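J.: give me coordinates for this.
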Amino acid sequence: MADLRQIERDIKRRLKAFNFQEAFEHSTDEAKTRHYLINPFFEILGYEVGFGNGQLVTEYDADYGSMRGKKVDYAILFRGKPNIIIEAKSATLKTDLQKKPLRQLNNYFNYLNDAKIGILTNGIQFHFYSRYEGKGLNTEPFFSFNLSDIQTADIEGLAQFHLSAININEILEVAEEEYFRDKFDEALYQELSKPSNDLVKAIFNRMEGSRLTATQADKIKSLINSVSLKSVVDRLVEEDAGGANSGIVTTEEELQVYQIVRTILAQSRKVQTDRVTYRDQRTVFSVLIDDNIRQKVCDLIIKDKHNRTLVMDNVRYDIPDIDSVLKLKKQLIDKASTFME
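T.: You can find the predicted model right below:
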């Protein structure tokens, strides 16, 4: 198994040695952007321009519909299949990279059924997308970074894509979990902020009402507000903590990890530990700030005693034993600190 820590150090060292500003100044069109920015970046991740597996294959055939002679700028092949495709634009691009260029990448994605990850870049911004339910791309990237302002979390994420460490199925598993939760959170917010008639009817039925009138419907909608929702959430939290009809059992091992993470965060003056909470779900145990799923420090996924993973910013860390969580002190504190006001 690849040593991710060693890979991260190597990426950091090579990025530090890369003269980004000079490369950017020379990237006056798309061809030069590829030469001065994109190719060197992928070389840092272990990929070189070529025609074999694990190499950057340029101008890969990607005809779609009635369009012939179409080629995607790059493909990275594994076992002969273009699992990763890359659409490149000029560093001087003035329009939004995630509008027309994204539609173009999506067209290629629809044609290349073996493509699993799509990357959209102008040599400065890099956006990573996965396939949406067997169709085209998800509309939002699961991982993004800016090469001109690289952060520690970005390097940790990039290590997962290094040629010596990449496991596309694992990357997609984490990405899809994040996509699903984000979509659920957004759908739940939309439903509760603007209750549908179906929700109103469902609530009225549970109130054992006989005939829902327009006046009653309006009254129910007015009662679905932050005060009533907080009251309901507080009750759910109490029930979950007691395991009441939830089907969720918070294990001693999960609580141990939570206490270790909380202890680590307590060592930083930037983190207020009274704001650190956890949420146990059927497939994942999350450490949060302010019990807010959008302020997630990390996820703990335990499949069995030999398969434990801590996930932070889509980066997976194997946890062979509970104490190995201590090795992630810096990453945990850095992540939690971003949510402190």
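J.: which stretches of the stretch 51-200 of the chain form strands?
T.: Counting by DSSP state E, counting those that start in this stretch, residue ranges of the strands within the stretch 51-200 of the chain are 56-61, 71-78, 81-88, 117-121, 125-130, 143-146.
J.: what is the mean pLDDT for the fourth one?
T.: Taken as a whole, strand 117-121 has an average pLDDT of 94.
J.: list of residues touching that strand?
T.: 38, 83-89, 97-98, 101-102, 105-106, 108-109, 126-131, 137, 141, 168, 171-172 (CB atoms under 8 Å, 6 or more residues apart in numbering). C-beta: built from backbone N, CA, C; applies to glycine.
J.: over to the shortest one?
T.: With contacts defined as CB under 8 Å, 6+ apart, strand 143-146 is touched by Ile124, Gln125, Phe126, His127, Phe128, Gln151, Asp154, Gly157, Leu158, Ala175, Asn314.
J.: which two of the residues you listed have the greatest separation?
T.: Farthest pair in those (CB to CB) is Ile124 and Ala175. Separation: 22.3 Å.
J.: still on that earlier bit, which of the strands of the stretch 51-200 of the chain sits closest to Arg181?
T.: Taking CB to CB as the criterion, strand 125-130 is the member of those that comes nearest to Arg181, at 14.2 Å.
J.: partner strands of the closest one and their direction?
T.: strand 117-121 (antiparallel), strand 143-146 (antiparallel) (DSSP bridges).
J.: off-centre distance for the first one?
T.: If I follow you right, that is strand 117-121. Averaging C-alpha positions (CA atoms, centre = their mean, to the nearest Å) puts strand 117-121 14 Å from its chain's average.
J.: output that strand as CSV, restricted to C-alpha atoms.
T.: Extracted in CSV, the C-alpha atoms of strand 117-121 (Å, rounded to 0.1, in the frame of the first residue of the first chain):
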residue,chain,number,x,y,z
ILE,A,117,-14.0,10.9,-13.3
GLY,A,118,-13.9,14.1,-15.3
ILE,A,119,-11.5,16.9,-14.6
LEU,A,120,-12.1,20.5,-15.9
THR,A,121,-9.2,22.9,-15.7
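J.: gap between Arg131 and Ala187?
T.: 20 Å (CB to CB, to the nearest Å).
J.: so between these two, which is more surrounded?
T.: When Arg131 and Ala187 are compared for neighbours, Arg131 comes out ahead with 19 against 10, by other CB atoms under 10 Å.
J.: would you agree Val261 is in contact with Val325?
T.: Yes: between Val261 and Val325 there is a contact at 6.6 Å, judged by CB atoms under 8 Å.
J.: and the helix or strand hosting Glu254, how far out from the chain middle?
T.: Assigned by DSSP states H and E, Glu254 falls within helix 252-266. A distance of 23 Å separates the centroid of the chain from that of helix 252-266, by CA atoms, centre = their mean.
J.: report the angle between the following helix or strand past that helix and helix 252-266.
T.: Sequence order places strand 276-280 as the next helix or strand after helix 252-266, per DSSP H and E. On the basis of axes from the mean of the first three to the mean of the last three CA atoms, to 10 degrees, strand 276-280 is oriented at 160 degrees to helix 252-266.
J.: let's check: the centremost residue of this structure is which one?
T.: For the chain, Phe142 is the residue whose C-alpha lies nearest the centre (CA atoms, centre = their mean; 3.8 Å).
J.: show me the shaky parts of the stretch 151-300 of the chain.
T.: Residue ranges of the stretch 151-300 of the chain with pLDDT under 70: 237-248.
J.: now do the helices in it.
T.: 152-159, 168-193, 197-206, 214-223, 226-242, 252-266 (DSSP state H, counting those that start in this stretch).
J.: got these as JSON lines, with distance to Asp291 columns?
T.: Formatted as JSON lines, the helices of the stretch 151-300 of the chain follow (distance: least, CB to CB, whole Å):
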{"stretch": "helix 152-159", "distance to Asp291": "22"}
{"stretch": "helix 168-193", "distance to Asp291": "13"}
{"stretch": "helix 197-206", "distance to Asp291": "23"}
{"stretch": "helix 214-223", "distance to Asp291": "23"}
{"stretch": "helix 226-242", "distance to Asp291": "8"}
{"stretch": "helix 252-266", "distance to Asp291": "13"}
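J.: give me the residues contacting the helix holding Glu254.
T.: By CB under 8 Å, 6+ apart, the residues outside helix 252-266 that reach it are 271, 273, 276, 278, 280, 285, 287, 297-298, 300, 302, 310, 319, 322-323, 325-326, 328-329, 332-333, 336.
J.: and these, which are buried?
T.: Buried members of these, counted by 16 or more other CB atoms under 10 Å: 271, 276, 278, 280, 285, 287, 297-298, 300, 302, 310, 319, 325, 328-329, 332-333, 336.
J.: in PDB, list the C-alpha atoms belonging to the helix holding Glu254.
T.: Output of helix 252-266 as PDB, limited to C-alpha atoms (Å, rounded to 0.1, in the frame of the first residue of the first chain):
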ATOM      1  CA  GLU A 252     -18.100   2.000  22.200                       C
ATOM      2  CA  GLU A 253     -15.500   2.100  19.500                       C
ATOM      3  CA  GLU A 254     -17.300   5.100  17.800                       C
ATOM      4  CA  LEU A 255     -17.500   6.900  21.100                       C
ATOM      5  CA  GLN A 256     -13.800   6.200  21.700                       C
ATOM      6  CA  VAL A 257     -12.900   7.800  18.400                       C
ATOM      7  CA  TYR A 258     -15.100  10.800  19.200                       C
ATOM      8  CA  GLN A 259     -13.500  11.300  22.500                       C
ATOM      9  CA  ILE A 260     -10.000  11.100  21.000                       C
ATOM     10  CA  VAL A 261     -10.900  13.600  18.300                       C
ATOM     11  CA  ARG A 262     -12.500  15.900  20.900                       C
ATOM     12  CA  THR A 263      -9.300  15.600  23.000                       C
ATOM     13  CA  ILE A 264      -7.200  16.400  20.000                       C
ATOM     14  CA  LEU A 265      -9.300  19.500  19.200                       C
ATOM     15  CA  ALA A 266      -9.100  20.700  22.800                       C
END
